[in-house]
Structure formats: structure tokens, C-alpha cells
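Visitor: Generate a structure from the sequence data that follows.
(2 chains)
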There are 2 protein chains.
Amino acid sequence: MDVARLAGVSQSAVSRAFTPGASIAAETRSRVEDAARSLGYRPNAIARSLTTSRSRIIGVAAAYLQNHFYPEVLEAMSRGLQARGYQLLLFTPDAGRHADPQLEQVLAWRIDGLILASSTLSSALAEQCRAAGIPVLLFNRTTRGTNVSSVTGENLRGGRLIAQFLAAGGHRRMGFLAGIENSSTSRDRERGFFGWLAENGFPKPLREVGLYRFDAAAAAARRLLARTDRPEAIFCGNDHMATAVAEVARHEFGLRIPRDLSLVGFDDTAPARWPSFSLTSFSQPLKPMVDAAVALVCEMIENPEAETRHEVVRGELVVRGSARMPPEGCVSLEGQLVWRPVEPE
Amino acid sequence: MDVARLAGVSQSAVSRAFTPGASIAAETRSRVEDAARSLGYRPNAIARSLTTSRSRIIGVAAAYLQNHFYPEVLEAMSRGLQARGYQLLLFTPDAGRHADPQLEQVLAWRIDGLILASSTLSSALAEQCRAAGIPVLLFNRTTRGTNVSSVTGENLRGGRLIAQFLAAGGHRRMGFLAGIENSSTSRDRERGFFGWLAENGFPKPLREVGLYRFDAAAAAARRLLARTDRPEAIFCGNDHMATAVAEVARHEFGLRIPRDLSLVGFDDTAPARWPSFSLTSFSQPLKPMVDAAVALVCEMIENPEAETRHEVVRGELVVRGSARMPPEGCVSLEGQLVWRPVEPE
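Guide: Numbering: from 1, shown residues only, chains lettered A, B, ... in the order given. All right, here's what the predicted structure looks like:
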């Protein structure tokens, strides 16, 4: 007895019922599924992948899941890929051996595509996968001068806007807390921040490195805040580091935020909205960024000859209580306050 | 020219170099890898999986990555599986259609094993996979009366110990914030908490449901704290909900913690250690739990006839500032304060 006969449908309907993304009426699909179940039939995706030379698996290299941003990205990305019939195979850097996941493993699994979703992984892996003919997409990072497509937030514009915002709030002596030194996100945010301040005659900000890690950011905050010329305002390279700075400023230095110290973060993750932090933060809108990444990697798989693309997803400077508010420019947008400078950016 | 000849090693050495977990000298391995790379040779793991009938892929069904506990579990689990030559294929529940990932997809991918790593997914999936012959392990949850192996923390003992701790701190009118109603973790924590209090003549705690979600927990906290007979102490079913309760208590009700309200959480995640929360919390030690799960699922794959096992990983009640401290019983252990009741538990 075969599935088609038991379900009373054509063989082609059975095939479509087990092909992710294929068009089939819900009722037909459910008849096929019931029949398959009662016959103990399982479509063997691996055997199918050898025939179609597609595995329907997309590798995602991710690390640094302590930062709220990445787990939310991972969950949304898995949902988005599943909706297109792909599964997410997770690669995490091996702390023992090498910063990159083992290249041989990546290639061995014959993934259809690779998304590098961490600003802390080296770019070498991306280059090698591309050389091996596997489409590679960078997520929340980019590389200059190479041919790898990417989806990022507005790192450069965000950094500039934060500088302008803190200046409009009356601050002059500023600080910057960098993430990982050679990551494109940290570099671009810094370039935007320092660039605007230099162009507008502000002193060069004090600078410390927090490596995007909570403990390292707390240590950097201690160094910054212990100085006699301590900054009046600090732009922290992401929210995760900004929470660490807020904790140290309040609980170790007795500073009131924003009265004694203004803080601005980047990402606009969930903890930024918690009243204890109430972080002013430049947003990286999760859903549009993930949607863009899923669509782009699927396109690259369909058409390996497609042009390299760099998609930049627009963010907003979301204004909350952690930084002194400028007298003008805060406007209400979809239930939250965002900053739109009166003077051109 | 083949890889073995170029590398100057035996064919068997080449095969071992590309078999995850096989024994081979580091130098031989690196010679084989270099030779393979220069010949553009890629071991095809999918083809191999058809020969060995192993895919070396373990499915992990996870959701609820907003809670700090799960992303850290996922990262550690991925590392642990990679170290044993497995890759982690992520399944996330499809919000649109069904609470469970699509069973057909799970089976179709021919995973070697499945870890259900979320207390919010239904148990039906586990039953169906087991029926299909795929080893299933429950992580941070368990089912009574069925034959599915599990790794959990000490939910029952933790609940009892927290009751005893709050009683020793002088509290009488207590509250409990439940997670997902039908999850085993929430049920066992509640059973321990209510059980100890009933056995020791305490009034029945007030009870609200926070569904393990931040917003739902905040709403539940508002209901609990608005009562005229509001509890003096609340045991929150996990840390994620406890942070929400702390935010509402402080910022909406003007309560001081622990002077006006004692709070205890469960999990001992990173935010519990942040000074703003300084949560007293019963720990679920991440590494031992993940190590136990990885070892157990690998054993189940090697030996499908193995007995069902329920591993319970020991935790500690880590004492910080969010709950009134009992006059006795707090002892220092590996740099942190934990509670060891003077009377028997």
C-alpha cells in the first residue's frame, strides 16, 4: 500500500507534500501526512539532498550569546529559514582550538549557505567558504574591499547621530567604549562618533575597550570613571556593555544617571527597556535585519552568480532616561521617543 | 593524485582524519588536511551518513531565547556536541502554525538524536520521535510515567529550600509566581515550595502566573503587589520573571528590596549577579547540566537499548541581596554565599 493510494491523491501531490516550500492545499497536505504516518513512511531528506544536490541546511556561525541581541537573532533566523524550508545548523567557535569553527567541518556538512552572525568571528572562514563555492552572508558585520554580501545596521550614521545627540544635550567631554578592536561594527560606530565630534570642534573623546563583554566593559568603566577628567557622557558600543557601565557607575562610583553621567548604547535590546536601565540606544531592528538576511541568502543559493549586496537596515536613536535630553528634536514615533536632529545630521 | 599519496599517509589515516572523533596524531591530521585542501577535496558528510546511517546531526528544539538561561545552554551544547563530532540543528516552534516544530521536518532530516531544550514545548513531539526510533532527551524538563530520559536541575528540592530560607528570614505571608502551567519545571518548583510551607504550618502562598515571560510576569507582579494583603516575599519561578518583578516593585510601587519585599529567583543566570538585581537564586549549573545531556544523548545513540535515565544536577541556593538573610545558615562556598539550613531540609 503506498501513501498516494491510501491518501487518495496523486504521486505528485505526495512529493509536493514533503518538499519544503512546494505549493499544496492544506487539506491535501494533511491527508498525505496522515496516510504517511499510518504507514510509518518518512521522507528521507538526506537521500533527497543527494538527488537535488541541496541539503536545505544553512549553517549559522554564532557566538557571544550572552548578549541579548544574538539569541533573539538566532530564534528569528531559525523561524525565518524554517518558513522557507531550511533548517539552521549552528556552528560555535571552538574555544579550545581556534577562533573559527573548523573549516573542514563546515564544508563537510555540505550546507547550502553560511551566515556569519557574529561580530567576533574572524573573516577568514567567510573567505574560505566562498572560495569553496558556498554562498556566504555576513550578518551585523561587513568587510571592506572584498566581495562578501552583508546585512548590517546603520553603524556609521548611528555613531554620528549619537555624537550630535550628546552634543545637543550640552555635553562636551565625552567617552567611547569600543567593542572588539577589529570588528567592523565597533570600528564603524567609532568612526561615526569620532568623526562628527572632530568635524564640529569637540575635544577627542576618551577611549577604552570593553570587547563587547560584560566583565571587560565593567573594568573599562572603572578606568574611565576613576579619572579626574572623567567623561560627562559615554557612548557604549552596545547595550550589553552599557548595562555593565551603568552598574559600575551607580553601584561603585555612586553616580546618578543621567544627572552625573549620560549613557547611550547600541542595539536597543530588551534590557534597554527595563526601567533600571532605561537606556537611550540606537536601534538595530531585529525583524527587518533578519528578514533581509534570510531573503538574501536564499537568493544567493538560487542564483550563485548574483551581485554582491550590502544591505543596511535603518535604525532610530530611541530616547529613554539614561542620557540628558536635548531641548529640541525628540519626537514620538510608534509609541516611543526618537531623536530627529533639528539641524541636518 | 589522491590525498593519501600527496600526504604520504595510508588510506586509513585519510579516512580517520575526516571521521569526527576518530583517533589520529595531530601532525598526521594536519598533513592530510593540507593535502586535501590543495587537491580541493571535501569529505561529503551527507554521502558518508548514508553509508554509516549516521548523520552526526543532533536536533535541538529550543525556544524562549529571551531568557538568559537558554542561549547560554545552546552555546554550551553546541560546543559540547561539536567536541564529539556532532552538529546542532536548531528547531524553533513555528509561531504561526503549531506550538511544536513540524514533526515531519524533524523526522525528515534523519537526525541521530533529539534534545528538547525548552520547558515551553509540548511533550507530544518527544513521544512521536521516540515512537519513530529516534533517541530523545528532555533537557530542563521531565515527564512522569513515560519512558523518556531527562536532565534537570533540583526543581523540587530547590522549591522546598527556598520556602525554608524565606521562613528562616522571618517571612510568613508569601507569594509564588508560576511559569508555564503545564511545564514540569514550574510544577515541581511549586510543589516543593507549597509542600514545605504546608508541612510547616504556614499559610498557603498567594499565587499568580507569569508564564516565564517578562511582560506577563510584570503584569502578575502588579496584581500581587496591588493587594492589601500583599506578600512579604515572592518566589519567582525563574530569574527572568524575578527581574520583571523587581522592576515593577521598585519603579511602580516604590518598594525597597529586600526591606519591603524579598525576592528569590531560580536558574542563577548572569543578570542575577548584576548589582541592580543582586538576586538570591537557586542555581541550575549550566556546565554540569549540558555535559550530562551531551554524554547521555551520545550514549543513547550508541546504545539504543539503554535504560531510561533521569539525571538531576545538584544546585545551590545562592544568597545575594534581594531577600532578607536568615540569621544563620549562610556559608561561603567557592567565592559566593550559599544557604545551608541549620535544621534538616
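
Visitor: Could you break chain A into its assigned domains?
Guide: Listed domain ranges for chain A are A:3-43, A:52-153+A:286-312, A:155-285+A:316-339 (source: automatic domain parsing).

Visitor: Any chance of a markdown table for the ones you listed, columns mean pLDDT and distance to chain B?
Guide: From N, CA and C alone the C-beta is placed, and that goes for glycine too. Shown next, in a markdown table, are those (pLDDT from 0 to 100; distance: least, C-beta to the nearest C-beta, whole Å):
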| stretch | mean pLDDT | distance to chain B |
| --- | --- | --- |
| domain A:3-43 | 76 | 5 |
| domain A:52-153+A:286-312 | 82 | 4 |
| domain A:155-285+A:316-339 | 96 | 4 |
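
Visitor: If you drop the residues flanking it in sequence, what lies closest to residue A:298?
Guide: Nearest residue to residue A:298 in three dimensions, chain neighbours excluded: residue A:84, at 5.7 Å (C-beta to C-beta, 6 or more residues apart in numbering or on different chains).

Visitor: Okay, the one you found and residue A:131: tell me how far apart.
Guide: 26 Å (C-beta to C-beta, to the nearest Å).

Visitor: Using a markdown table, please lay out the domains of chain A together with mean neighbour count.
Guide: As requested, the domains of chain A are arranged in a markdown table below (neighbours: other C-beta atoms under 10 Å in any protein chain shown):
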| stretch | mean neighbour count |
| --- | --- |
| domain A:3-43 | 16 |
| domain A:52-153+A:286-312 | 20 |
| domain A:155-285+A:316-339 | 20 |
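
Visitor: Indicate which one of these is closest to residue B:158.
Guide: domain A:52-153+A:286-312 (23.3 Å; C-beta to C-beta).

Visitor: Of the domains of chain A, which is nearest residue B:63?
Guide: Closest approach to residue B:63 among the domains of chain A (C-beta to C-beta): domain A:52-153+A:286-312, 7.0 Å.

Visitor: and the closest one, how far out from the chain's middle?
Guide: The chain centroid and the centroid of domain A:52-153+A:286-312 are separated by 11 Å under C-alpha atoms, centre = their mean, to the nearest Å.

Visitor: tell me the phi and psi of the closest residue to residue A:206 other than its chain neighbours?
Guide: Distance criterion C-beta to C-beta, 6+ apart; nearest residue to residue A:206, sequence neighbours excluded, is residue A:175 at 4.4 Å. Torsion angles at residue A:175 (phi, psi; degrees, to the nearest 10) stand at phi -130, psi 160.

Visitor: ok, now residue A:137?
Guide: phi -130, psi 130.

Visitor: The residue nearest to residue A:298 touches residue A:294, doesn't it?
Guide: Yes - Residue A:84 lies in contact with residue A:294 (C-beta atoms under 8 Å); the separation is 6.7 Å.

Visitor: which residue sits closest to residue A:181, ignoring its sequence neighbours?
Guide: Counting by C-beta to C-beta, 6+ apart, residue A:209 is the residue found nearest to residue A:181 once chain neighbours are left out, at 6.4 Å.

Visitor: What residues are recorded as beta-bridge partners of that neighbour?
Guide: With DSSP bridges as the criterion, residue A:209 is bridged to residue A:178.

Visitor: who are the neighbours in contact with it?
Guide: By C-beta atoms under 8 Å, 6 or more residues apart in numbering or on different chains, residue A:209 lies in contact with A:177, A:178, A:179, A:181, A:216, A:220.

Visitor: if I look at the last one, how far off is residue A:176?
Guide: Put plainly, it is residue A:220. According to C-beta to C-beta, residue A:220 and residue A:176 sit 10 Å apart.

Visitor: Now do the shared contacts for the two.
Guide: Contacts common to residue A:220 and residue A:176, judged by C-beta under 8 Å, 6+ apart, are residue A:208.

Visitor: can you give me the strands in the stretch 51-200 of chain A?
Guide: Taking DSSP state E, counting those that start in this stretch, the strands of the stretch 51-200 of chain A run over residues A:57-61, A:87-91, A:113-116, A:136-139, A:149-152, A:174-178.

Visitor: Is it possible to get TSV of those that adds distance to residue B:315?
Guide: Formatted as TSV, those follow (distance: least, C-beta to C-beta, whole Å):
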stretch	distance to residue B:315
strand A:57-61	31
strand A:87-91	26
strand A:113-116	35
strand A:136-139	35
strand A:149-152	40
strand A:174-178	34
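
Visitor: And the residue nearest the centre of chain A?
Guide: residue A:140 (4.6 Å; C-alpha atoms, centre = their mean).

Visitor: does it really touch residue A:285, like I thought?
Guide: No - shown here, residue A:140 and residue A:285 do not form a contact pair, counting by C-beta under 8 Å, at 11.9 Å.

Visitor: what sits in contact with each of those two?
Guide: With C-beta under 8 Å, 6+ apart, residue A:140 and residue A:285 have common neighbours residue A:153.

Visitor: Tell me where the stretch 201-345 of chain A has helices.
Guide: Counting by DSSP state H, counting those that start in this stretch, residue ranges of the helices within the stretch 201-345 of chain A are A:214-225, A:239-251, A:270-273, A:286-302.

Visitor: Pull up the distance across stretch A:274-292, start to finish.
Guide: 28 Å (C-alpha to C-alpha, to the nearest Å).

Visitor: Now do the SS call for the residue nearest to residue A:15 when sequence neighbours are not counted.
Guide: Leaving aside its chain neighbours, residue A:15 sits nearest to residue A:22 (7.8 Å; criterion: C-beta to C-beta, 6+ apart). State at residue A:22, reduced to three classes by DSSP: H, G, I helix; E, B strand; the rest coil: coil.
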